[in-house]
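K.L.:
next input, structure requested:
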Amino acid sequence: MKTPALNELKKELEHKNKDELLSVCLRLAKFKKENKELLAFLLFEEGDISTYIENIKNETTEYFGGINNSNVYFIKKSLRKILRYVNKHIKFSLSKQAEAEILIHFCNNILEFSIPLHKSRQLLNMYEMQLNKIDLALSTLHPDLQYDLRKQLKKN
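P.N.:
Residues are numbered from 1 along each chain as shown. The predicted model follows:
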């Protein structure tokens, strides 16, 4: 079965009434956890993006506190898990400012929790990749905001 294009789906949804749209949304939410999380973001948190960013930062910090530092393998595995969580929520927000703020917080936590980047090339590459993503996101923002966010990144 071929998946229809987004435009085709949009046209078909325009023909549905309110009850049918509600039914489709609820069915999507039941199908996959990520759909449910996205729907919750769109309904409850999209209007207050700054609070959403702070919540993501707080949860990220909690995850960093639970990293097993006994072995580089466990550190890499934990960082990848945290990064998947962070990227999923960045994808929900669709905001370059949110992306930059959350990734800056992620990188600052790597430094704050003394993650041994020098012990593994993969850890160092992961950190550098996030710095590149931050630069890309910052390049699209207003210069004043760029300055403030770069200052937060260089703080550590």
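K.L.:
what about the closest residue to residue 61 other than its chain neighbours, helix or strand, and which?
P.N.:
With sequence-adjacent residues excluded and distances taken as C-beta to C-beta, 6 or more residues apart in numbering, residue 61 is closest to residue 109, at 6.1 Å. The way it works is simple: take the backbone N, C-alpha and C, and place the C-beta from them, glycine included. Taking DSSP states H and E as the criterion, residue 109 maps to helix 96-112.
K.L.:
ok, residue 54 next?
P.N.:
helix 49-65.
K.L.:
what's the mean pLDDT across that helix?
P.N.:
Averaging pLDDT along helix 49-65 yields 95.
K.L.:
got the angle between it and helix 96-112?
P.N.:
When axes from the mean of the first three to the mean of the last three C-alpha atoms, to 10 degrees is applied, the directions of helix 49-65 and helix 96-112 differ by 20 degrees.
K.L.:
does anything pack onto helix 49-65? Which helices or strands?
P.N.:
Contacts defined by 3 or more C-beta pairs under 8 Å, 6 or more residues apart in numbering; DSSP states H and E place helix 49-65 against helix 72-93, helix 96-112.
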